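K.L.:
Sequence first, predicted coordinates after that:
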Amino acid sequence: MIEMHVVRLATEYLDYCFAKNEQATLVAMLNWIDAKDKTVANVDEVNEALRQRPAVSIQRIAGKIVFGSTGSDQAVTDDELRQACADYREEFRLAYEKLKSGK
């Protein structure tokens, strides 16, 4: 089931990154959505956001999804989203541990 408010947040993230000329990644997209809505996007929502931004393509770099203006694909897979979720959780855990230790 696609929640359109999640799709809107995903497109907002893409638009923000491209306007600022910043690298956009699937992991960072998940962070953006979680920070704004406390939810995790599903693969259909991510792919719908990509359909709404046809100029955005996917690059697979070292097992990570990077969004850009060049690339051969315009959809992520379930496995790629699962890996990005795992990477996001690990990044969040490390940031939390750093915060707790005061470093």
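P.N.:
Received it, and whenever you're ready, just let me know what you need. Because the structure is a prediction, the values reported are computed rather than measured.

K.L.:
only C-alpha atoms for contact and neighbour calcs from this point on.
P.N.:
OK.

K.L.:
Make sure I have this right: Phe18 is in a strand.
P.N.:
No: judged by DSSP: H, G, I helix; E, B strand; the rest coil, Phe18 forms no part of a strand; its state is helix.

K.L.:
Contact partners for it?
P.N.:
Ala24 (C-alpha atoms under 8 Å, 6 or more residues apart in numbering).

K.L.:
Quick check: it vs Ile65, distance?
P.N.:
Noted for Phe18: a distance of 15 Å to Ile65, by C-alpha to C-alpha, to the nearest Å.

K.L.:
neighbours of Met4, just the number please.
P.N.:
12 (other C-alpha atoms under 10 Å).

K.L.:
And Leu94, by the same measure?
P.N.:
When neighbours are defined as other C-alpha under 10 Å, Leu94 has 12 of them.

K.L.:
and it, what pLDDT?
P.N.:
pLDDT, Leu94: 92.

K.L.:
gap between it and Pro54?
P.N.:
Leu94 sits 34 Å away from Pro54, going by C-alpha to C-alpha.

K.L.:
now swap in Glu45 and tell me
P.N.:
15 Å.

K.L.:
higher neighbour count, those two?
P.N.:
Of the pair Glu45 and Pro54, Glu45 is the one with more neighbours under other C-alpha under 10 Å, namely 22 against 10.

K.L.:
May I ask which helix or strand encompasses the more buried one?
P.N.:
helix 43-52 (DSSP states H and E).

K.L.:
in the protein, which spans are strands?
P.N.:
24-25, 57-61, 64-68 (DSSP state E).

K.L.:
Redo these as TSV? Include mean pLDDT and mean neighbour count.
P.N.:
Shown next, in TSV, are those (pLDDT from 0 to 100; neighbours: other C-alpha atoms under 10 Å):
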stretch	mean pLDDT	mean neighbour count
strand 24-25	98	20
strand 57-61	95	16
strand 64-68	96	20
